[in-house]
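>>> The sequence and its predicted three-dimensional model are supplied below.
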Amino acid sequence: MTELRDQVPVRVLKTPGFLRLLIGRSLSFLATALVPTALTLAVIEATGSATDLGLVLAAELVPQLVLLPIGGVVADRFPAQRVAFLADLVRGLAQLAIGAELLLGSVRILDLAALSAVTGAAIAFGTPTMSPLVAATVPQEARLRANSHLGVARGIALVAGPGVAGVLVVAVGAGWAFLATAVVFGCAAVTLGGLPATAPGRGARTGFFRQLADGWQEVRGRPWFWSNLIGHGVSNLAAGVLMTLGPLIAVDRLGGEFAWVVVYQAGMAGMLIGAFVAPRLSVRRPLVVTSVCGALFALPLITFAARWPTWTDAVAYGIAMFGIGVLNTLWQTTMQRHFPAEALARADSYDALLSFAARPLGLAVAAPIAAWTGEALPLLTAAVLVAVANLGVLALPDARALTGSAP
């Protein structure tokens, strides 16, 4: 029986193509992680208005949600490395403009919102290039390890980015922090743009809207895929609930901000370990494993609702994020094996679309519901939804039967 596991020596991933992909994506991950903290601190310093901050952050999110399916089509129609190059280049130019405005001292919230919208649009076109670039750069038997390396790089960026951004803003000011972010994006763009050219997909000569519809048909025709997307969306919604209520509970009942820092860092460590361990597992039925891993996110929701001690919350969140690290690595590899190369970007775009949409919804609804019902009810409701949505995938025969081999 075919197993999804690491099947190649490490030297296979020491080729110039993959090293360039890893470096380029790592730089892009880091720059992306720098932006939210730097932008938040810049707006607070400029106006101190929560409304202004919400406007600027929403201005980045909305274009992502609207343009992600279009970005998927573009990344399938044109060479993925060129799309990735332009996406990171545009993001770098947007950060450069924000930094210049901050340094000139003429900060206008509408300008920051407009530049954030440009950034969000570029994210919508750059995000779907991930799987096509891996598929074009790495042989199929090495993709599990490649996705593991990329997952670890993303995790490190998520951990280090906010701290680095905060230090930059405090040490040299928000304007210079954005200029530094622009340089990192520029380096990422040049690195990714230098990857070997990939041929456009077979659908590149068909009409744009036809290819958009074909992408939806690719997703719709795979119940194992869209059912998992629902599970991932519910998990992201639950993550938004936890990210809102977890810090409040930690501050009010667990001893202060330090308690939440301990819990959060335990989760980040768990995610890194999960991404690192994933290629070393022997997995015959990858979607069975990813479903169980997704359901693990119910654990910290339950411990926070039960008001257990900080160490139990930290252990539960670490286990949950370990599951997410394994899930992301196996899921990306499974997608790359079971979708045709010319449709990978569109599959990536739908995957990202549901994730980007669900987490802000959780962030938005958690506090109002908790103010009305108390904190335990939304946390426990989210835990039940996470367990049902992820384990429910196992009811599908094609999800249980899917193996690690390509069709």
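Yes, it's here. Residues are numbered from 1 along each chain as shown.
>>> centre of the chain versus whichever helix or strand residue 329 is part of, how much separation?
Following DSSP states H and E, one finds residue 329 within helix 310-338. From the chain centre to the centre of helix 310-338 is a distance of 12 Å (Cα atoms, centre = their mean, to the nearest Å).
>>> helices or strands up against that helix?
helix 130-137, helix 143-172, helix 223-253, helix 257-277, helix 286-295, helix 298-306, helix 344-373 (3 or more Cβ pairs under 8 Å, 6 or more residues apart in numbering; DSSP states H and E). Glycine gets a C-beta too; all of them are placed from N, C-alpha and C.
>>> which strands and helices sit next to the third one?
In terms of contacts (3+ Cβ pairs under 8 Å, 6+ apart), helix 223-253 is packed against helix 208-220, helix 257-277, helix 286-295, helix 298-306, helix 310-338, helix 344-373, helix 376-391, helix 397-401.
>>> List the buried residues of that helix.
Judged by neighbour count using 16 or more other Cβ atoms under 10 Å, the buried positions of helix 223-253 are 224-225, 227-229, 231-242, 244-247, 249-250.
>>> pLDDT weak spots in the stretch 201-350 of the chain?
Applying pLDDT under 70 to the stretch 201-350 of the chain flags residues 201-205.
>>> Repeat the analysis, applying 80 as the threshold.
201-209, 215, 254-257 (pLDDT under 80).
>>> now the stretch 51-200 of the chain
Counting by pLDDT under 80, the stretch 51-200 of the chain has low-confidence residues at 106, 196-200.
>>> one more time with 70
For the stretch 51-200 of the chain, counting by pLDDT under 70, the residues that fall below are 197-200.
>>> would you list every one of the helices in it?
Per DSSP state H, counting those that start in this stretch, the stretch 51-200 of the chain carries helices over the ranges 80-104, 109-126, 130-137, 143-172, 174-193.
>>> Pick the most deeply packed of those helices.
Stretch with highest mean neighbour count among the helices of the stretch 51-200 of the chain: helix 130-137 (a mean of 25; mean count of other Cβ atoms under 10 Å).
>>> Isn't residue 80 up against residue 127?
No: using Cβ atoms under 8 Å as the test, residue 80 is too far from residue 127 to be in contact (11.4 Å).
>>> before we move on, the earlier item: can I get the helices and strands packed on helix 223-253 in a markdown table with mean neighbour count?
Converted to a markdown table, these look like this (neighbours: other Cβ atoms under 10 Å):
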| stretch | mean neighbour count |
| --- | --- |
| helix 208-220 | 15 |
| helix 257-277 | 20 |
| helix 286-295 | 23 |
| helix 298-306 | 23 |
| helix 310-338 | 24 |
| helix 344-373 | 20 |
| helix 376-391 | 20 |
| helix 397-401 | 14 |
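>>> Can you say which of the ones you listed is nearest to residue 144?
helix 310-338 (4.6 Å; Cβ to Cβ).
>>> Next, the angle helix 130-137 makes with the closest one.
Between helix 310-338 and helix 130-137, the angle comes out at 50 degrees (axes from the mean of the first three to the mean of the last three Cα atoms, to 10 degrees).
>>> what angle sits between helix 310-338 and helix 223-253?
Interaxial angle, helix 310-338 versus helix 223-253 (the same axes, to 10 degrees): 160 degrees.
>>> tell me the angle of helix 310-338 relative to helix 376-391?
In terms of direction (the same axes, to 10 degrees), helix 310-338 departs from helix 376-391 by 30 degrees.
>>> Residue 58 and residue 36, how far apart?
Distance from residue 58 to residue 36, counting by Cβ to Cβ, to the nearest Å: 13 Å.
>>> what does residue 163 give?
Taken as Cβ to Cβ, the span from residue 163 to residue 36 is 12 Å.
>>> Same question for residue 259.
From residue 259 across to residue 36, the span is 22 Å (Cβ to Cβ).
>>> ok, now which ones touch residue 311?
Under the criterion of Cβ atoms under 8 Å, 6 or more residues apart in numbering, residue 311 has no neighbours.
>>> How about residue 161?
Taking Cβ under 8 Å, 6+ apart, we find residue 161 in contact with 29-30, 32-34, 37.
>>> One more pass at 7 Å, please.
Residue 161 makes contact with 30, 33-34, according to Cβ atoms under 7 Å, 6 or more residues apart in numbering.
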